[in-house]
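A.B. asks: sequence and predicted structure are below.
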Amino acid sequence: MNARLSRRRFIKGVIASSIAAASTSAWYSVAQADRPQGAVERLLTINVNGKKRRVDVLPQETLAHTLRYKLGLTGTKLGCNRGECGCCTVLVDDITHYSCSMLTHSVRGRSVTTVEGVQAPNGDLHPVQQAFVDELGPQCGYCTPGQVMAAVALLKVNPKPTRDEARIAMSGNLCRCGAYDHYLNAVMRASGQRT
Ligand code: FES
Ligand code: FES
């Protein structure tokens, strides 16, 4: 198979649903071990990707933890787990947030969108996702879901950003592979300013 085509297929898989962490159960075990003694879960209803989800949540539980380990939405990645890298970025009421740094209790009554929620109901990729594929944006792909969410949020409020505006809007998302220019090319393509 053509190497470029094969890489494009890999990237499409990364962008569409994001690769589930192979170590999900190991992470979950660690998280359970960290559970404070006497902490009691409370049943919450939260709105995620347009659906009401009922889930038992600890008082200090982060949204990233709930999404990944209780709702199975592993497209949201955990990197630094302390508000520095952006790979856990989701939208809350259409504004980007680091889900590792917000409590799940704080999103009651608000609308959460993860990378699994941006594609069309028929499975078509969001224009940002398609542009990331077309520009061969990701390298390893780990930061990609956060980059997608940052770009989606930007284009909602600024459909035709300049490259510098896009750079600033995406600056909260680090990429250890250094694929920044690819991502910026993709944002410009998704906004119709690059063909
Ligand atoms: S994992 Fe949330 S900012 Fe790094
Ligand atoms: S593509 Fe590897 S961290 Fe960004």
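C.D. replies: Done, it's in. Ligands and ions are numbered 1, 2, ... in the order given.
A.B. asks: for the chain, what lies in contact range of ligand 1?
C.D. replies: Neighbours of ligand 1 within the chain, by CB under 6 Å from any ligand atom: L78, G79, C80, N81, G83, E84, C85, G86, C87, C88, Y98, C100. C-betas here are computed from N, CA, C, even on glycine.
A.B. asks: report pLDDT for the first one.
C.D. replies: The reference is to L78. According to the per-residue confidence, L78 scores 98 in pLDDT.
A.B. asks: how about it, what does it touch?
C.D. replies: With contact set as CB atoms under 8 Å, 6 or more residues apart in numbering, L78 has these partners: W27, A64, R68, C87, C88, C100.
A.B. asks: what is the burial count for the last one?
C.D. replies: Neighbours of C100 under the rule other CB atoms under 10 Å: 25.
A.B. asks: next step: the residues of the chain next to ligand 1 restricted to helices.
C.D. replies: For the residues of the chain next to ligand 1, not one is inside helices, with DSSP state H as the criterion.
A.B. asks: compare those residues and tell me which has the most neighbours.
C.D. replies: Counting neighbours by other CB under 10 Å, C88 comes out on top of the residues of the chain next to ligand 1 with 28 neighbours.
A.B. asks: hang on, that residue packs against G75?
C.D. replies: No - with contact defined as CB atoms under 8 Å, C88 does not count as touching G75 (10.3 Å).
A.B. asks: relative to the centre of the protein, find the outermost residue for me.
C.D. replies: Of all residues in the chain, G38 has its C-alpha farthest from the mean position, at 31.6 Å, by CA atoms, centre = their mean.
A.B. asks: returning to that earlier point: adding pLDDT and distance to ligand 2, write the contacts of L78 out as CSV.
C.D. replies: Putting those into CSV (pLDDT from 0 to 100; distance: CB to the nearest ligand atom, whole Å) gives the following:
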residue, pLDDT, distance to ligand 2
W27, 52, 18
A64, 98, 17
R68, 98, 18
C87, 97, 8
C88, 98, 13
C100, 98, 16
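A.B. asks: turn those residues into JSON lines, columns for distance to Q147.
C.D. replies: JSON lines is the format used below for the contacts of L78 (distance: CB to CB, whole Å):
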{"residue": "W27", "distance to Q147": "22"}
{"residue": "A64", "distance to Q147": "16"}
{"residue": "R68", "distance to Q147": "18"}
{"residue": "C87", "distance to Q147": "8"}
{"residue": "C88", "distance to Q147": "12"}
{"residue": "C100", "distance to Q147": "16"}
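A.B. asks: any idea how this protein splits into domains?
C.D. replies: For the chain, the structural domains run 3-17+120-190, 24-29+41-117, going by automatic domain parsing.
A.B. asks: average pLDDT for stretch 117-126?
C.D. replies: Summarised as a single mean, pLDDT over stretch 117-126 is 96.
A.B. asks: change the start of the numbering to 51 and stick with it
C.D. replies: Sure, I'll start counting at 51 from here, so that last one is stretch 167-176.
A.B. asks: which of the residues in that stretch are buried?
C.D. replies: For stretch 167-176, the neighbour count (16 or more other CB atoms under 10 Å) marks G167, V168, Q169, L175, H176 as buried.
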